[in-house]
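> My questions concern the predicted model and sequence given below.
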Amino acid sequence: MRNPAPLILPVGRYAGTFHPAVGAPVKYHSLSIGRLSVTIEDPQVFAVWTAAHRPIDRPDATWDRAAVIEAAGQLGVADPARIVAEFLEDGLLVEMTPDVADFARAYRVHPLMVSLGNTPNDPLRYGIGVFGAAPVLRLPALTHDVWQWSSVGASLWDVGQVVADAGAQAEVTDTREHDPRHVLREFLAALPLLVGANAACLDEARR
């Protein structure tokens, strides 16, 4: 049996568009990756980075290289396969590796929304979104905790260790939550949803 194709995620925090003058068309899109600022002038190239965000209304879709290429093609990109390959080489896209620890040590996550808490009718899941509006997503407590504190550590691995240690000290009943690899497997399973909803972005780990 063939192994499934790895999922793709976009890397970088979207920092907006630059307009050179009043009424002028967009000059470029800006991304922040680590300590660097990346500018993308070609709208077709930027469309590929956009297409790497799995749509929130397709939560069960396998967002691998083929899916990104297809989505970019639907956005009118002429040669999406070439751009996807270049982005993977340059680090603007990443294929998630099966080794949780390796991936988590190489990247960190920034939350882009705020926690809205749980409700009496749904106490085991926590909403995230913007103040004054309905939650965009509801997450299990473990995933929510990693997401909420994800930018604190130098890497996602650091955060997973802290959350696992906190679970052990609090004597969480599910002892799997004392293991950072289990914590991060649960979180990484939800990461495409978080990134697709613009509730989080993936960034390089701090060196």
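Looks like it arrived, so ask away.
> which residues of this structure score low on pLDDT?
1-3 (pLDDT under 70).
> So which residues of it form helices?
Counting by DSSP state H, the chain has helices at residues 43-51, 65-74, 80-90, 100-106, 141-148, 156-169, 180-196.
> Any idea what residue 14 is bridged to?
Beta-bridge partners recorded for residue 14 (DSSP bridges): residue 31.
> quick one, what contacts the nearest residue to residue 5 once chain neighbours are set aside?
In this structure, residue 5 finds its nearest non-sequential neighbour in residue 64, 3.9 Å apart by CB to CB, 6 or more residues apart in numbering. Where C-beta positions appear, they are placed from N, C-alpha and C, glycine not excepted. By CB atoms under 8 Å, 6 or more residues apart in numbering, the contact set of residue 64 is 4-8, 95.
> Farthest pair within these?
4 and 8 (12.4 Å; CB to CB).
> who's more crowded, the two?
Neighbour comparison, residue 4 and residue 8: the larger count goes to residue 8, with 26 against 9 (by other CB atoms under 10 Å).
> Double-check the more buried one against residue 62; I have them as touching.
No. Between residue 8 and residue 62 there is no contact under CB atoms under 8 Å: 9.9 Å.
> Domain map for the protein?
8-95, 101-204 (automatic domain parsing).
> Distance across the longest one, terminal residue to terminal residue?
Across domain 101-204, the terminal residues are separated by 14 Å (CA to CA, to the nearest Å).
> Over to the first one?
The stretch domain 8-95 measures 4 Å between its terminal residues, going by CA to CA.
> Can you get me the centre-to-centre distance for that domain and its chain?
In terms of CA atoms, centre = their mean, to the nearest Å, the centre of domain 8-95 is found 13 Å from the chain centre.
> Please identify the buried residues of the strand ranked longest in the chain?
Taking DSSP state E as the criterion, the chain has its longest strand at strand 122-129. Buried residues in strand 122-129, counting neighbours by 16 or more other CB atoms under 10 Å, are found at 126-129.
> Any chance of JSON lines for those, columns distance to residue 181?
Formatted as JSON lines, the buried residues of strand 122-129 follow (distance: CB to CB, whole Å):
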{"residue": "126", "distance to residue 181": "22"}
{"residue": "127", "distance to residue 181": "27"}
{"residue": "128", "distance to residue 181": "24"}
{"residue": "129", "distance to residue 181": "29"}
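> from the residues you listed, which two are the most distant?
Within those, 126 and 129 form the most distant pair, 10.6 Å apart (CB to CB).
> Pull up the overlap in contacts between those two.
residue 116.
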